[in-house]
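In: Build me a model:
(chains A and B)
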Amino acid sequence: MLSNIGNTLLFLNILLGIFIIYFSFKNLQNKKISISKNIYHICLFQSTFIIICFLTLVAAFIISDFSIITVYQNSHSLKPFFYKISGTWGNHEGSLLLWVIILTIFSFLFLLYNKSHSRNYRIYSLIIQNTLILGFLFFLLFNSNPFSAISPTPKEGLGLNPILQDPALAIHPPLLYIGFVGSSIYFSAAIASLLTNYSGRLFAHSIKNWVLISWSFQTLGILAGSIWAYYELGWGGFWFWDPVENASLLPWFAMTALLHSLIVLEKRNFLYFWVIILCLLTFILSVTGTFLVRSGILNSVHTFANDPSRGLYILVFLSLMIFGSVLLFFNKFKNSNYNLNSNSKETFILINNWFMIFYLITVLLGTVYPIFTEVLTDHKVSVGPPFYNTVIIPIVILFLFFMSVGPQTQWIKNKFYNLNLLFKILIASIFINFSIIYLFKSYSLISNFIIISAVFLIIASLIDLYKLFKIQKMDSSRVISHLSFGFLILFIGLNYNFSLEKDFNLKLGERKKFDNYSLEFKDLRLEDFKNYKAVIGEFKINNSQRNLNQSLYPEIRIYENPSTITYEASIRSGLLKDYYITMSNIDRSDYYNIKFQKKPFMMWIWISVIFISLGGFLRLFQNAKKDY
Amino acid sequence: MRTKIIIFFIILNFNIVDAKTFLIDSNKVFKNLRCLICQGQSIADSNSEFAQTIKLIVRDQIKDGKSEKEIYDFLIEKYGEWIVYKPPLNKVNFLLWLLPYLAFVTGGGIIFLLLKKRYNH
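Out: I've put the predicted structure just below:
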């Protein structure tokens, strides 16, 4: 029943998409200034239908309607209610439906909120966006239909992969998709702008809030994924340079570059073609990321949903998109005049873009290089954390210094920032770095520079914040994001250098001593839970110096639907540090492999990222207040 | 004077770094190795038997006084380049190492040219 409703709604949505494109073209031919009411109405229907369609799938998951293959494969009647709902987008088909919803809703909202802009520009944006919607709807309906029926109806579902049954991962896809898919709207707008030769300034004005929305959500989405990986995968880090993580980071770099150069376009009306490239690139990278993840050509932990036929469709779609936009771009490209002074804000924003593109190229190359070597030379290589650390970290140091100086500069003017003050800040940062070494222990040369530059940025931003309060001209959103970025790098640097990691084997009742710590394996018990069994260990940590006495309870969980073993880390989070223990059994032995980690400032890494995205939301709020 | 103070602090920083002992950290080595039978996990993160074996090998080699590079070379010879997360610089991988820097220099060059062109006007 639900399967039929869903299919009908998908089909209706395809029809509506075609209608919108048809009426839009018709609208282009008449001389009226406004867009016909019909188009608004169809768009409203389109959004409503796709939401109902999604709710139908949610309903199917809630009532465990196993006559639908997606539900059968990814749910189980005993699964907790919350995960029944999040299971809707915890699989390929459902998440693709979520993808289409965001495409559709953004299309409608973009139409509504840009009434002050030229009619043709808006109509072309709508046409391009609906072409994208149709492309994904066809993919959904003919290749990855979430409503495919199965007969006879199975009695019980196969269950959701237990590592996906997690609150952080439940919100991770929707957040990330608003970022990923949200970028589609400025892809469409960029093409519309090229087609109608729209003014750069107006174009920047019409898309800036959309860039902010997608950027802020993308940031939060990456964060949710990172937190999930931290406690669920049991590796005890916040970033692994896993190909799938990289796929979410690539559009983020492009968005960040876009976010900055858009300011130049709006204020100074140049960089138009560069901004267009970034708009196109962001969405292309989002689709590329999806292709890499869903096609399964990457060797990654996250590839739980892959199938080559999906890959082929996305690849064809992607190639058409790239080919079309490149062709149009070169057709419309013309050399424009610019007026750039070396110490102006424009230059520093270009410098931001320069670094962003460098990060983007490095991460993209690292992610796809193994595919190429394997296909071309039959040579398997792995590109992992040590590669990215070696290439990126030294450049980050330089980046942070530019980031500290950049915001102080003025538009157009060629006046340099107060050198005297910069020297003072540098000395203060070096001094702080030096005290950190004494407080903790020594660390490597490059870490010195990372911490000095991060502290440099923090102090510069704080001085900024103080000045802003004094003159009451609030550009607080930028300062908040930059300041938090400084803190993020600082905490990452400290975390990286002062983590303590121990890996050893213990038997029940044994005790292990290292540094000032002693770890005792006190207890081991078996417990039954609603949808899994767990072997739970009890470990007591003592620190002779700090009077620390904590117990941690890592688990080995045995799930039956589907049958999987997962290793659950036990984490004691604190303001200053996290203690982290995972335990795994060793075959044919009484010993257990124990990983103990002390991770300083983990919580502050998460908080810094939240504040980075908060800066984006704040700017959005300020823009909205200014406009209305 | 100011410059001297800065130089003083920088030197101080580096001296402390030098005091650090250069023992190979086995955890660091584990993190740089791929667990070949897992899905994108490092030896440090994996619970598999393969990972346990590699850990034993690495610990033995550290005990024998081998350098980090010697350990990686040994493992590459045995299991192929697939096992290390930092691809060695060779004929196949030189583009991987070269292109990011090339992009960086090019980007800087473009900005420099844009500024210079402006001065010539």
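In: Disregarding residues adjacent in the polypeptide, which is nearest to the closest residue to chain A within chain B?
Out: Closest approach between chain B and chain A, counting by C-beta to the nearest C-beta: B:Y85, at 2.7 Å. For every residue, glycine as well, the C-beta is placed using N, CA and C. Leaving aside its sequence neighbours, B:Y85 sits nearest to A:G384 (C-beta to C-beta, 6 or more residues apart in numbering or on different chains; 2.7 Å).
In: Can you name the residue of the stretch 51-200 of chain A nearest to chain B?
Out: A:I163 (11.4 Å).
In: Burial check on that residue, number of neighbours?
Out: Other residues within reach of A:I163, judged by other C-beta atoms under 10 Å in any protein chain shown, total 21.
In: again, but for A:R119
Out: For A:R119, the count of nearby residues is 15 (other C-beta under 10 Å).
In: near chain B at all, whichever helix or strand A:M583 is part of?
Out: For A:M583, the host element (DSSP states H and E) is strand A:577-585. Yes: judged by C-beta under 8 Å from any C-beta of the partner chain, strand A:577-585 and chain B are in contact via A:S584.
In: so what secondary structure elements neighbour the helix or strand following that strand?
Out: Following strand A:577-585 in sequence order, the next helix or strand is strand A:592-600 (DSSP H and E). Strand A:592-600 sits against helix A:476-498, strand A:500-506, strand A:517-528, strand A:532-543, strand A:577-585, with contacts defined as 3 or more C-beta pairs under 8 Å, 6 or more residues apart in numbering or on different chains; DSSP states H and E.
In: Report the inter-axis angle for the helix or strand where A:A624 lies versus strand A:592-600.
Out: Here A:A624, judged by DSSP H and E, is contained in helix A:602-627. Orientation check (axes from the mean of the first three to the mean of the last three C-alpha atoms, to 10 degrees): helix A:602-627 against strand A:592-600 gives 50 degrees.
In: Do you have the strands of chain B handy? List them.
Out: Listed in chain order, chain B contains no strands at all (DSSP state E).
In: In it, where is pLDDT below threshold?
Out: For chain B, applying pLDDT under 70 flags the ranges B:1-23, B:118-121.
In: How far off centre is the lengthiest helix in it?
Out: For chain B, the helix that runs over the most residues, judged by DSSP state H, is helix B:94-120. Chain-centre distance of helix B:94-120: 24 Å, with C-alpha atoms, centre = their mean, to the nearest Å.
In: For it, list every residue counted as buried.
Out: Across helix B:94-120, burial judged by 16 or more other C-beta atoms under 10 Å in any protein chain shown covers B:96-97, B:99-100, B:103-104, B:107, B:111, B:115.
In: and if you look at stretch A:141-158?
Out: The neighbour-count check on stretch A:141-158 (16+ other C-beta under 10 Å) flags A:141, A:143-149, A:157-158 as buried.
In: same deal with stretch A:38-57?
Out: Result for stretch A:38-57 [16+ other C-beta under 10 Å]: buried residues A:39, A:42-43, A:45-47, A:49-50, A:53-54, A:56-57.
In: And the furthest pair within the residues you listed?
Out: Greatest spatial distance among these (C-beta to C-beta): A:I39 and A:L57, at 27.4 Å.
In: just to revisit the earlier point, got the contact list for the strand holding A:M583?
Out: Strand A:577-585 has contacts (C-beta atoms under 8 Å, 6 or more residues apart in numbering or on different chains) with A:234, A:236, A:535, A:537, A:539, A:541, A:550, A:552, A:554-556, A:567-572, A:592-603, B:47.
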